[in-house]
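Engineer: Provide a 3D model corresponding to the input given below.
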Amino acid sequence: AKSEVRGAMIGRGVERALGILAVIGLVAGLYTGFLYAPPDAVQGEVQRIMYLHVPLILVSYLAFFVVFVTSILYLARRCERHDAIAHSSAEIGVLFTALAIAAGSIWGRPTWGTWWTWDARLTTTTILLLIFIGYLMLRALVDDPSRGATFSAVLGIIGFLDVPIIHMSVVWWRTLHQPASVLRPGPSTVAPDMQVALYTNLAAFVLLYAYFLVKRVRLEEARWELSRLRMEGAA
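Structural biologist: Have a look, this model is predicted:
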């Protein structure tokens, strides 16, 4: 019992620290993105939405990679904690992907002249979002939690395979979307001042993702404990 209490206190401490660091990072990111970095020579001030759009989609990749890894671990070991991490990370990934698509549409309106186009990267990213919405729906619709976790783990592994397709879509097909500026071979094409703003915001969103993940997993653990107490009460 003492070890459980100690573990819970450590968990709350980690959660609190991540929350504080995420807030500091987001404030620093807003400053560097909107005040420190210069406007783009071609796009002007509208280019600043890149400091939200790019970190959002990169952290989405991270979230779905975590789903991929923990889903494999769950199928191999049947550990509830791995399933909880996969479930939690999928929820956060869906949120960040939807926000990335919305930010990209806002950026696309003045630069492309339209809110939406069936560009290869936009289309494959939308497919990724729909796959993981289906992942969450599948978990909600299957009555048996164990079967739901198994089916979702398989879908999570398959769904992640769309991420490299998204990333390479601007290479494989002719698209309106610009080539990768960060995850690319060779030096970055982003100016140094802009790199400071971009990487500051990326670090902030990674911290925000970590904070959400820790908090969501702790909520899942509380749900397990409640279910256990109910079963003991019924017995």
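Engineer: Run a quick neighbour tally on the spatially closest residue to A191 that is not a sequence neighbour.
Structural biologist: The shortest distance from A191 to any non-neighbouring residue, by CB to CB, 6 or more residues apart in numbering, is to P38 (7.6 Å). For the C-beta atoms, the positions are set from N, CA and C on the backbone; glycine is no exception. P38: 11 surrounding residues under other CB atoms under 10 Å.
Engineer: show me the contacts for the residue positioned nearest the centre of the chain.
Structural biologist: Taking CA atoms, centre = their mean, the centroid of the chain lies closest to S60, which sits 2.8 Å from it. Neighbouring residues of S60 by CB atoms under 8 Å, 6 or more residues apart in numbering: G93, F96, T97, A100, L128.
Engineer: so which of those residues is the most crowded?
Structural biologist: Counting by other CB under 10 Å, top hit in these: G93 with 29 neighbours.
Engineer: Now do whatever helix or strand R81 lives in: which elements does it pack against?
Structural biologist: Taking DSSP states H and E as the criterion, R81 maps to helix 80-112. Packing partners of helix 80-112 (3 or more CB pairs under 8 Å, 6 or more residues apart in numbering; DSSP states H and E): helix 50-77, helix 120-141, helix 145-160, helix 192-234.
Engineer: how about the ones you listed in a markdown table, adding mean pLDDT and distance to L21?
Structural biologist: Converted to a markdown table, the helices and strands packed on helix 80-112 look like this (pLDDT from 0 to 100; distance: least, CB to CB, whole Å):
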| stretch | mean pLDDT | distance to L21 |
| --- | --- | --- |
| helix 50-77 | 96 | 15 |
| helix 120-141 | 94 | 26 |
| helix 145-160 | 94 | 27 |
| helix 192-234 | 87 | 5 |
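Engineer: who touches A90 in this structure?
Structural biologist: Contacts of A90 (CB under 8 Å, 6+ apart): A63, F64, V67, F132, Y135, L136, S152, G156.
Engineer: These, buried ones only, as a ChimeraX selection?
Structural biologist: Here is the ChimeraX command that picks out the buried ones among the contacts of A90, judged by 16 or more other CB atoms under 10 Å:
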select :63,64,67,132,135,136,152,156
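Engineer: Between which two of the contacts of A90 is the distance greatest?
Structural biologist: A63 and S152 (14.6 Å; CB to CB).
Engineer: what about G19, which helix or strand?
Structural biologist: helix 2-31.
Engineer: what's the angle from that helix to helix 192-234?
Structural biologist: Orientation note: helix 2-31 sits at an angle of 150 degrees relative to helix 192-234 (axes from the mean of the first three to the mean of the last three CA atoms, to 10 degrees).
Engineer: which other helices and strands contact helix 2-31?
Structural biologist: helix 192-234.
Engineer: repeat that with 10 Å
Structural biologist: Secondary-structure packing of helix 2-31 (3 or more CB pairs under 10 Å, 6 or more residues apart in numbering; DSSP states H and E): helix 50-77, helix 192-234.
Engineer: Just name the most buried of those helices.
Structural biologist: helix 50-77 (a mean of 21; mean count of other CB atoms under 10 Å).
Engineer: and Y211, how far is that from A17?
Structural biologist: 9 Å (CB to CB, to the nearest Å).
Engineer: And G113, by the same measure?
Structural biologist: 45 Å.
Engineer: more neighbours, the two?
Structural biologist: A17 (14 against 8).
Engineer: any idea how far Q47 is from that one?
Structural biologist: Counting by CB to CB - A17 and Q47 are separated by 33 Å.
Engineer: and what of E15?
Structural biologist: Distance from E15 to Q47, by CB to CB: 35 Å.
Engineer: re the thing from before, could I get the contacts of S60 as CSV with distance to R77?
Structural biologist: Formatted as CSV, these follow (distance: CB to CB, whole Å):
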residue, distance to R77
G93, 22
F96, 27
T97, 28
A100, 32
L128, 26
